[in-house]
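**Student:** Structure of the sequence below:
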Amino acid sequence: MAFVLKQSGVTVTVQTRDYRPPHVHVDSPDGSVKVDISGDVPKLLTISKKKRLKNTAAFERKALKMVADNLATCRAAWRKYHGNL
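**Tutor:** Predicted structure coming up:
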């Protein structure tokens, strides 16, 4: 796991042995989501039923905003470990 950034107790990471689509993991005590960073606008990825967590809508909005505000940094971290988007 590669640390990308941390703000207000929320961490963004790239898994070094992960798979496509290009995405980051956003985690905090309030929830955990995967965010697709391949397009112009970050989007939430669905999590398998097995790993489903009860995230609040507020946490999901916060995660999307955090990734959108730092999209270039997130993409650079993905490229470092996985190559092109």
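
**Student:** Now tell me what touches stretch 77-85 from outside.
**Tutor:** Contact with stretch 77-85 is made by 2, 4, 14, 16, 18, 20, 22-24, 37-38, 75, as judged by C-beta atoms under 8 Å, 6 or more residues apart in numbering. All C-beta spots, glycine's among them, are computed from the backbone N, C-alpha and C.

**Student:** Can you show me the helices along the protein?
**Tutor:** Taking DSSP state H, the helices of the chain run over residues 57-69, 71-82.

**Student:** Tabulate these (JSON lines), appending mean neighbour count, distance to Pro29 and mean pLDDT.
**Tutor:** Shown next, in JSON lines, are the helices of the chain (neighbours: other C-beta atoms under 10 Å; distance: least, C-beta to C-beta, whole Å; pLDDT from 0 to 100):
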{"stretch": "helix 57-69", "mean neighbour count": "16", "distance to Pro29": "10", "mean pLDDT": "95"}
{"stretch": "helix 71-82", "mean neighbour count": "16", "distance to Pro29": "21", "mean pLDDT": "96"}
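
**Student:** Let's have the ones you listed in CSV, adding distance to Gly31.
**Tutor:** Output for the helices of the chain, formatted as CSV (distance: least, C-beta to C-beta, whole Å):
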stretch, distance to Gly31
helix 57-69, 4
helix 71-82, 18
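
**Student:** mind listing which of the contacts of stretch 77-85 are in strands?
**Tutor:** Judged by DSSP state E, the subset of these located in strands is 2, 4, 14, 23-24.

**Student:** hey, what's the spatially most central residue of the chain bridged with?
**Tutor:** For the chain, the residue nearest the mean C-alpha position is Val24 (2.8 Å; C-alpha atoms, centre = their mean). Listed beta-bridge partners, Val24: Val35 (assigned using DSSP bridges).

**Student:** That one and Ala68 touch, don't they?
**Tutor:** No: counting by C-beta atoms under 8 Å, Val24 does not reach Ala68; the two are 11.3 Å apart.
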